[in-house]
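K.L.:
okay, predicted coordinates and the sequence, questions at the end:
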Amino acid sequence: MNKKSVRDIDVAGKRVFVRVDFNVPIHDGVITDDTRIRETLPTIKYLIEQGAKIILASHLGRPKGQVVEEFRLTQVAKRLSELLDGKPVAKADEAVGDAVKAQVEKLNNGDILLLENVRFYPGEEKNDPEFAKQLAELADIYVNDAFGAAHRAHASTEGIAHHLPAVSGLLMEKELEVLGKALQEPERPFTAIIGGAKVKDKIGVIENLLNIADNILIGGGIAYTFFKAQGYEIGKSLVDEEKLDLALGFIEKAKEKNVNFYLPVDIVVGDDFSEDANVQVVDVDKIPADWEGLDIGPKTREIYADVIKKSKLVVWNGPMGVFEMDKFAEGTKAVAQACAETEGYTILGGGDSAAAAEKFQLADKMDHISTGGGASLEFMEGKALPGVVALNDK
Ligand SMILES: Nc1ncnc2c1ncn2[C@@H]1O[C@H](COP(=O)(O)OP(=O)(O)O)[C@@H](O)[C@H]1O
Ligand SMILES: O=C(OP(=O)(O)O)[C@H](O)COP(=O)(O)O
């Protein structure tokens with residue numbers, strides 16, 4: 001990576017503002033997945049060891065520039081303290097202002113202060129220079145460890161970097177290294193698996209992958225846009241009518257570039273989008289008009305698993321079917337299992353794909369699970385991430 005990291009500068013005794021992505025799922029006041037907090041521990045522990053005064057900042061949810069009680073970071077501070085074996089994590093009730101400055105003043109080397117949700121301020125998402133300056137006034141150094149929010153040009157992810165020496169944290173560095181290496185010098189055969197439901201979000205990724213992958217496996221709800229484009233009946237399946245020409249173009253481009261572009265050959269269809277649906281397996285050209293494609297079929301699973309197991313690098317984003325319902329979970333499970341078994345290096349991105357791997361208890365068999373969904377997609381599309389661009393070059 002050509003950006004400076006926290007290891008490249010002297011942080012001892014300095015006030016270090018660390019932007020983290022502690023945007024974790026919280027249900028009824030309980031954090032249900034603390035992966036994103038755990039993943040920042042290397043940076044935080046490094047700063048403690050170095051004797052920095054650590055000021056942590058994060059967003060949580062989308063409170064739209066106002067204080068929303070359920071999005072306070074109180075539980076997050078508690079969990080972080082637990083993960084640090086009981087080390088105190090002070091929690092500010094605001095993110096800027098005199099009270100926060102006073103709390104920062106009191107920090108000793110190695111102490112931690114977590115600011116309140118930066119999205120309680122309208123200036124955050126607007127990347128207001130004045131708000132960025134107020135944040136910067138709290139510290140001597142800026143560290144961005146929030147890979148999950150690196151695709152956002154906000155005051156705490158981008159604006160602040162213009163006021164302070166700005167470097168990456170260790171999680172940010174790891175994410176960029178793993179994804180960067182995968183895409184720039186891929187081990188081959190390189191297989192990309194794209195599924196899920198957000199056709200619009202994933203089209204750009206497929207376009208870029210056509211230039212670098214050897215195999216592209218398409219599954220999930222996005223497959224039906226390709227089928228419709230080829231003139232098949234798709235019944236009530238998910239489709240993006242505006243992307244039909246583009247989808248057809250991808251199939252052509254794959255041929256030109258000698259990329260093996262796989263679409264499902266059989267489908268699990270349901271007569272309803274529910275656990276109680278009647279289910280049948282049909283070949284792709286036999287989807288009944290009033291049924292809906294909800295998973296890849298057994299023949300497809302076998303073909304996809306075979307490709308995955310022969311790959312040296314696998315990048316997977318998006319489930320193969322509606323894995324939340326057991327009837328339509330087998331395709332995603334088969335792909336997760338193949339990723340777990342392959343000797344190739346496996347990278348998983350996207351919140352739902354990671355949740356699926358967890359559900360099948362295969363998450364620990366993946367080589368890298370990215371903490372960023374949108375961010376990893378934009379990275380794979382070849383887009384520059386504003387939170388990274390703003391950091392100091394080496
Ligand atoms: N054939 C399908 N029809 C409708 N929804 C689907 C289908 N296959 C997968 N899905 C849904 O796609 C969702 C995940 O899509 P997406 O958000 O694009 O993935 P990710 O979060 O991994 O990037 C899951 O909730 C899953 O139920
Ligand atoms: O959870 C996040 O995005 P992700 O679900 O795409 O990984 C990040 O914290 C960014 O949050 P945002 O999409 O509200 O800017």
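P.N.:
Nice, thanks for sending it over. Ligands and ions are numbered 1, 2, ... in the order given.

K.L.:
spit out the contact partners of the residue of the stretch 101-250 of the chain found nearest ligand 1.
P.N.:
Closest to ligand 1 within the stretch 101-250 of the chain is residue 196: 2.5 Å, counting by CB to the nearest ligand atom. C-betas here are computed from N, CA, C, even on glycine. Residues in contact with residue 196, defined by CB atoms under 8 Å, 6 or more residues apart in numbering, are 202, 220, 221, 222, 317, 318, 319, 350, 352, 353.

K.L.:
can you narrow these down to the ones near ligand 1?
P.N.:
Applying CB under 6 Å from any ligand atom to these, one finds that 220, 221, 317, 318, 319, 350, 352, 353 fall near ligand 1.

K.L.:
and the pLDDT at residue 115?
P.N.:
Per-residue pLDDT puts residue 115 at 98.

K.L.:
now do the contacts for it.
P.N.:
The contact partners of residue 115, taken as CB under 8 Å, 6+ apart, are 55, 56, 57, 58, 73, 92, 94, 95, 100.

K.L.:
take these and keep only those in helices.
P.N.:
Under the assignment DSSP state H, the contacts of residue 115 contribute residue 100 to helices.

K.L.:
please, a ChimeraX command that selects the buried ones among the contacts of residue 115?
P.N.:
The buried residues among the contacts of residue 115 can be selected in ChimeraX (16 or more other CB atoms under 10 Å) with this line:
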select :55,56,57,58,73,92,95,100
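
K.L.:
restrict the helix ranked longest in the chain to CA atoms and write it as PDB.
P.N.:
Longest helix in the chain, counting residues (DSSP H): helix 170-184. Coordinates of each C-alpha in helix 170-184 appear next as PDB, following Å, rounded to 0.1, in the frame of the first residue of the first chain:
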ATOM      1  CA  LEU A 170      -3.900  -1.800  10.900                       C
ATOM      2  CA  LEU A 171      -7.300  -3.200   9.900                       C
ATOM      3  CA  MET A 172      -7.500  -0.700   7.100                       C
ATOM      4  CA  GLU A 173      -4.100  -1.700   6.000                       C
ATOM      5  CA  LYS A 174      -5.000  -5.400   6.100                       C
ATOM      6  CA  GLU A 175      -8.200  -5.000   4.200                       C
ATOM      7  CA  LEU A 176      -6.500  -3.000   1.500                       C
ATOM      8  CA  GLU A 177      -3.600  -5.400   1.200                       C
ATOM      9  CA  VAL A 178      -5.700  -8.500   1.000                       C
ATOM     10  CA  LEU A 179      -8.200  -7.100  -1.500                       C
ATOM     11  CA  GLY A 180      -5.600  -5.200  -3.400                       C
ATOM     12  CA  LYS A 181      -3.300  -8.200  -3.800                       C
ATOM     13  CA  ALA A 182      -6.200 -10.400  -4.800                       C
ATOM     14  CA  LEU A 183      -7.300  -8.000  -7.500                       C
ATOM     15  CA  GLN A 184      -3.900  -6.800  -8.700                       C
END
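
K.L.:
adjacent strands (with direction) for the helix or strand containing residue 281?
P.N.:
If you go by DSSP states H and E, residue 281 is part of strand 279-283. Counting by DSSP bridges, the strands paired with strand 279-283 are strand 266-270 (antiparallel).

K.L.:
any part of the strand it pairs with near ligand 1?
P.N.:
No: judged by CB under 6 Å from any ligand atom, strand 266-270 and ligand 1 are separated, with a smallest distance of 8.3 Å.

K.L.:
how close does the nearest residue to the residue of the stretch 101-250 of the chain closest to ligand 1 once chain neighbours are set aside get to ligand 2?
P.N.:
Once flanking residues are discounted, residue 196 sits nearest to residue 318: 2.7 Å by CB to CB, 6 or more residues apart in numbering. Per CB to the nearest ligand atom, to the nearest Å, residue 318 is found 12 Å from ligand 2.

K.L.:
contact partners for residue 203?
P.N.:
Going by CB under 8 Å, 6+ apart, residue 203 touches 243, 246.

K.L.:
helix/strand/coil for it?
P.N.:
Here residue 203 is recorded as helix under DSSP: H, G, I helix; E, B strand; the rest coil.

K.L.:
from residue 224, how far out is the residue nearest to residue 196?
P.N.:
13 Å (CB to CB, to the nearest Å).

K.L.:
count of neighbours near the residue lying closest to residue 129 once chain neighbours are set aside?
P.N.:
Using CB to CB, 6+ apart and skipping the chain neighbours, the partner closest in space to residue 129 is residue 159 (6.1 Å). Other residues lying near residue 159 total 24 when counted by other CB atoms under 10 Å.

K.L.:
which residues are in contact with residue 159?
P.N.:
Neighbouring residues of residue 159 by CB under 8 Å, 6+ apart: 127, 128, 129, 131, 132, 135, 153.

K.L.:
got those as JSON lines, with pLDDT, secondary structure and neighbour count columns?
P.N.:
JSON lines is the format used below for the contacts of residue 159 (pLDDT from 0 to 100; DSSP: H, G, I helix; E, B strand; the rest coil; neighbours: other CB atoms under 10 Å):
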{"residue": "127", "pLDDT": "98", "secondary structure": "coil", "neighbour count": "18"}
{"residue": "128", "pLDDT": "98", "secondary structure": "coil", "neighbour count": "16"}
{"residue": "129", "pLDDT": "98", "secondary structure": "helix", "neighbour count": "14"}
{"residue": "131", "pLDDT": "98", "secondary structure": "helix", "neighbour count": "23"}
{"residue": "132", "pLDDT": "98", "secondary structure": "helix", "neighbour count": "24"}
{"residue": "135", "pLDDT": "98", "secondary structure": "helix", "neighbour count": "27"}
{"residue": "153", "pLDDT": "98", "secondary structure": "coil", "neighbour count": "16"}
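
K.L.:
good, wrapping up.
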